[in-house]
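In: Test case, fold it:
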Amino acid sequence: MKHKVLFVCLGNICRSPAAEEIMRQLVIANDAADSIYVDSAGTYGGHAGELPDARMRIAAARRGYNLVHRSRRITENDFFEFDTIVVMDDMNYEAVHRLAPSREYANRIYRMRDFFTVFPDRTYVPDPYYEGADGFETVLDMLEDGCANLLNTLLQKRSAD
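Out: Coordinates of the predicted model:
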């Protein structure tokens, strides 16, 4: 059975779709596509159906990531579908936590910062939507670090099971 990971940010147009694609490529590169599935969502539904922000798509494309996810809002049903839910900041953590159908399901929520090694002083992934081009690059750096460590955690857990 596949371990399902859901990345969550505010609008699902910058951070979470980038994390989804970074993780997807890492999963494929590590021959784990048969055991790990990734998706993304947002706590705000105002961008539903839209592609990721053009600035994030451009920055990601320079690194070889093709962001084609269509934005969607997280729902309570996602707690039944996903084993791990990774949020980008405390605001998302609180919103997703309130949506959890029980404490057991709330235990599936993690912050991306929990997986940082290169950015141990950062407590969240900043929203680059309101920043310049450097903000998108910084976010991609943080997500590459966090996703690599998350994948290692999942692979270690899989081999221990």
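In: what about the closest residue to residue 100 other than its chain neighbours, neighbour count?
Out: Nearest residue to residue 100, sequence neighbours excluded (Cβ to Cβ, 6 or more residues apart in numbering): residue 106, at 3.8 Å. Backbone N, C-alpha and C define where each C-beta goes, glycine included. For residue 106, the neighbour count with other Cβ atoms under 10 Å is 15.
In: Next: residue 119.
Out: Neighbour tally, residue 119, other Cβ under 10 Å: 16.
In: Over to residue 52?
Out: 26.
In: follow-up on the earlier one: what's the residue nearest to residue 100 sitting at in phi/psi?
Out: Backbone torsions for residue 106, taken as degrees, to the nearest 10, come to phi -60, psi -30.
In: how close does it get to residue 8?
Out: Here the criterion is Cβ to Cβ, to the nearest Å. By it, residue 106 lies 13 Å from residue 8.
In: From the contact counts, what lies against the lengthiest helix in the chain?
Out: Ranked by number of residues, the top helix in the chain under DSSP state H is helix 133-160. Applying 3 or more Cβ pairs under 8 Å, 6 or more residues apart in numbering; DSSP states H and E, we find helix 133-160 packed against strand 3-9, helix 15-29, helix 54-62, strand 84-87.
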